[in-house]
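> Model the following, please.
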Amino acid sequence: MPYAKGEGPSVVIALGGNALGNSPQEQLELVKNTAKHIVDMVADGVNVVVSHGNGPQVGMINNAFAYAAANDGKTPEMPFPEAGAMSQGYIGYQLSQAILNDLKARGIDRSVANVITQTVVNPEDPAFQNPTKPVGAFMTEEEAKAKAAETGWTFKEDAGRGWRQVVASPKPERIVEFDAVKDLMDNGYIVVSTGGGGVPVFETENGYEGVPAVIDKDRSSAKLAADFGADMLVILTAVEKVCINFNKPDQEELSTMTVAEAREYIAQGQFAPGSMLPKVEACIEYVEAFPKGKALITSLECAAAGLEGKTGTVITA
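Next up, the predicted model:
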């Protein structure tokens, strides 16, 4: 029997790494707090799709299998797409369980579904010509060259610490399970999906094919929100508001930005690559694709107040 949808807006929430932990045990405790803030929104009538990062988690899985394969002679190496799917599964399980437990504790008759998600990327994406994202275990230069000859993978030296496999970070083109996510959302479910940006896949004549790559989860969340026509994309991070002149005497918090203003700040180098820059870029992509929507960047603790327009940084077309 379908659950009753909330009467409020539809929102795609992209959780930052501070909402998760560095181990399954630490994460299990942290997601209880994360769930509380998400259920606060649900209690206010907001309809929620939750996405999340998976960088530390997929690295842990990849390293564990690589170490076991190299040392016990029995464990197979785990392909990177499968490691990504594993991370989606266990993070999604813990998030879904924590949200469901909080819903039940409050007597809210809603349920949660975790959808393991694939994301189509283009084989011609320029990112594949210059893989830059380090993944997996460290190894010597000799080991890396031997593995590269065996597998065709790309390895690079990583900040003097050893050699690691590097993968591309291509642009998301389509969420394969979009219809499933939409159907669940339309029937009143809280949905956890697009974890880690989704498992990257090529779409071929014979169907889908996993590819070792990492998709930025904020960009995939922006794609999902735009395609869904969500009223708001919410990107949660460690700060309450986006700042310019960050950590300088003239630091300034921003409550609003238009796309034009955001692009000007990017041109000035105001947002750090690998930190605030990809979040702002994802917001731009969302509001340009769905101009009726609003994008919000704020902290987990301020998310509910941000939805009410009381805090955070709102980006509009």
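> any idea where the helices of the stretch 101-250 of the chain begin and end?
All helices of the stretch 101-250 of the chain, identified by DSSP state H, counting those that start in this stretch, fall at 141-151, 178-186, 217-228.
> Rebuild the ones you listed as a markdown table, extending it with mean neighbour count.
In this view, the C-beta of every residue, glycine as well, is placed from N, C-alpha and C. Below are the helices of the stretch 101-250 of the chain laid out as a markdown table (neighbours: other CB atoms under 10 Å):
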| stretch | mean neighbour count |
| --- | --- |
| helix 141-151 | 13 |
| helix 178-186 | 17 |
| helix 217-228 | 26 |
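> Please report how far the residue at minimal distance from the centre of the chain lies from residue 110.
For the chain, the residue nearest the mean C-alpha position is residue 217 (2.8 Å; CA atoms, centre = their mean). Noted for residue 217: a distance of 24 Å to residue 110, by CB to CB, to the nearest Å.
> Please apply the same query to residue 52.
From residue 52 to residue 110 the distance is 19 Å (CB to CB).
> between those two, who's got more neighbours?
residue 52 (29 against 21; other CB atoms under 10 Å).
> Quick check: the more buried one vs residue 70, distance?
29 Å.
> Kindly report the same for residue 206.
From residue 206 to residue 70 the distance is 32 Å (CB to CB).
> more neighbours, the two?
residue 70 (13 against 6).
> Is the more buried one located within a helix, as I assumed?
Yes - counting by DSSP: H, G, I helix; E, B strand; the rest coil, residue 70 is part of a helix.
> Report pLDDT for it.
pLDDT for residue 70: 83.
> Pull up the gap between it and residue 57, please.
Shown here: residue 70 relative to residue 57, a distance of 21 Å by CB to CB.
> returning to that earlier point: name the nearest residue to the residue nearest to the centre of the chain, ignoring sequence neighbours.
By the measure of CB to CB, 6 or more residues apart in numbering, the closest residue to residue 217 outside its immediate chain neighbours is residue 197, 4.3 Å from it.
> List the residues that contact the one you found.
By CB atoms under 8 Å, 6 or more residues apart in numbering, the contact set of residue 197 is 119, 172, 214, 215, 216, 217, 219, 220.
> Can you tell me which of those residues is nearest residue 235?
Taking CB to CB as the measure, residue 235 sits nearest to residue 217 out of these, at 9.4 Å.
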